[in-house]
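>>> sequence plus the predicted model coming up.
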Amino acid sequence: QVQLVESGGGLVQAGGSLRLSCAASGRAFRSRAMGWFRQAPGKEREFVAIISWSGGTAYYADFVQGRFTISRDNAENTGYLQMNGLKGEDTAVYSCATSTAASTDPREYTYWGQGTQVTVSS
């Protein structure tokens with residue numbers, strides 16, 4: 001079993017940056033892909049980024065456009081999402097999750113954190 005806790009969200013002005021963290025408990029985290037998803041009010045949850053269990057491969061949603069970087073430190077059981085050039089439309093609750101499959105489909109993810117709010121003011 002894996003427990004995930006996100007942190008690092010907050011209020012930032014457009015063009016600013018935030019670094020989200022995803023602290024995991026349990027060794028299973030190291031053998032699973034990790035994804036970040038977000039959900040804005042009134043919208044469905046959407047894929048943001050995914051990184052392989054080793055950290056060697058990453059994939060991003062089209063809307064990221066080079067602004068975000070996903071990473072992980074398996075020795076620390078922690079994943080990250082560095083977000084630069086934030087826009088108002090990035091406002092959402094961001095959640096990390098783990099999966100045995102390299103997938104952008106949230107239904108493939110077994111363990112989820114509670115989420116952290118990111119608000120971008122314009």
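On my side now, so go ahead. Numbering: from 1, shown residues only.

>>> what ranges do the strands span in this protein?
3-7, 10-13, 18-25, 33-39, 46-51, 58-60, 68-73, 78-83, 92-99, 111-112, 116-121 (DSSP state E).

>>> closest to residue 105 out of those strands?
Nearest to residue 105 among the strands of the chain is strand 46-51; the distance by Cβ to Cβ comes to 7.7 Å. In this view, the C-beta of every residue, glycine as well, is placed from N, C-alpha and C.

>>> over to stretch 9-28 now: how far is its first residue from its last?
25 Å (Cα to Cα, to the nearest Å).

>>> give the buried residues for it.
For stretch 9-28, a neighbour-count test (16 or more other Cβ atoms under 10 Å) marks 9, 12, 18, 20, 21, 22, 23, 24, 28 as buried.

>>> how about residue 98, nearest residue that isn't a chain neighbour?
Excluding its sequence neighbours, the residue lying closest to residue 98 (Cβ to Cβ, 6 or more residues apart in numbering) is residue 32, at 4.1 Å.

>>> show me the contacts for the spatially most central residue of the chain.
Centroid-nearest residue in the chain, with Cα atoms, centre = their mean: residue 36, separated by 2.5 Å. Counting by Cβ atoms under 8 Å, 6 or more residues apart in numbering, residue 36 makes contact with 20, 22, 48, 49, 50, 70, 79, 81, 94, 95, 96, 97.

>>> would you check how far apart the nearest residue to the fifth one once chain neighbours are set aside and residue 29 are?
What it means is residue 50. Leaving aside its sequence neighbours, residue 50 sits nearest to residue 35 (Cβ to Cβ, 6+ apart; 4.3 Å). Separation of residue 35 from residue 29 (Cβ to Cβ, to the nearest Å) stands at 12 Å.
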